[in-house]
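# Task: produce atomic coordinates for the following.
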Amino acid sequence: MLLPNIVVTVQLDVPEDAGHGEDDEWFAAAVRHGLAGTLPADARGEIGLLLTDDETVRQLNREYRGVDRTTDVLSFSFEHWGHWEGDEEAPTSGDETPDEPPPLGEIVVSVPQAARQAESQGVPLRQELALLIVHGALHLLGHDHYEDGELETMQALERSALSGIFPDATGQAGQ
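As a prediction, the model looks like this:
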């Protein structure tokens, strides 16, 4: 199993008929693939993944980034602070408990926005969700795409992770 010491807690806050068709293990595997290009195999950590609606993502985007619109994915890293623009303070990791994995952060994905993007690009929703989850996981580790060279590096890591999730043309998720 890829990165067995990374605990991923998946919360689906969308209707069951949202069309993603995946289970918690598939989503957790997508997060681990996103981390695998950067973390060592024995890395420990805990990540929360929330798949939700546009309004929740818009509210979080407004509160923590000062941007009053929905977006496809938000990442809240406990180590790499990123671009905070909102009025609220960034979350902190708190005290670590030795027998529990350290918190790495939270990834929040708007499933409706992912569905719109998938439709406009002519790709399956599962492919767009995987890309957004991987993208969010890379942000948790401090990767970004705002400065010269960062975009190419991040896209290379995304391609590598996606090839692990979809190792062949049939789109079967790898573990």
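
# ranges for the helices of the chain?
Per DSSP state H, the chain has helices spanning 24-36, 54-65, 111-121, 125-140, 150-165. These are given in chain order.

# highest average neighbour count across these?
When neighbours are counted by mean count of other CB atoms under 10 Å, the highest per-stretch mean among these falls to helix 125-140, a mean of 24. For every residue, glycine as well, the C-beta is placed using N, CA and C.

# rewinding a little: dump the helices of the chain to JSON lines, plus mean pLDDT.
Output for the helices of the chain, formatted as JSON lines (pLDDT from 0 to 100):
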{"stretch": "helix 24-36", "mean pLDDT": "95"}
{"stretch": "helix 54-65", "mean pLDDT": "94"}
{"stretch": "helix 111-121", "mean pLDDT": "96"}
{"stretch": "helix 125-140", "mean pLDDT": "96"}
{"stretch": "helix 150-165", "mean pLDDT": "94"}
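
# Identify whichever of those helices lies nearest to S75.
Within these, the stretch nearest S75 is helix 125-140; the backing value is 3.6 Å (CB to CB).

# send the alpha carbons of the closest one over as PDB?
Provided in PDB are the C-alpha atoms of helix 125-140 (Å, rounded to 0.1, in the frame of the first residue of the first chain):
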ATOM      1  CA  LEU A 125     -15.700  13.400 -13.300                       C
ATOM      2  CA  ARG A 126     -13.500  10.800 -11.500                       C
ATOM      3  CA  GLN A 127     -10.500  12.100 -13.500                       C
ATOM      4  CA  GLU A 128     -11.200  15.800 -12.600                       C
ATOM      5  CA  LEU A 129     -11.800  14.800  -8.900                       C
ATOM      6  CA  ALA A 130      -8.500  12.900  -8.900                       C
ATOM      7  CA  LEU A 131      -6.600  15.900 -10.300                       C
ATOM      8  CA  LEU A 132      -8.200  18.300  -7.800                       C
ATOM      9  CA  ILE A 133      -7.400  16.000  -4.900                       C
ATOM     10  CA  VAL A 134      -3.800  15.500  -6.000                       C
ATOM     11  CA  HIS A 135      -3.500  19.300  -6.600                       C
ATOM     12  CA  GLY A 136      -4.800  20.000  -3.100                       C
ATOM     13  CA  ALA A 137      -2.400  17.400  -1.600                       C
ATOM     14  CA  LEU A 138       0.600  19.000  -3.200                       C
ATOM     15  CA  HIS A 139      -0.500  22.400  -1.800                       C
ATOM     16  CA  LEU A 140      -0.500  20.800   1.700                       C
END
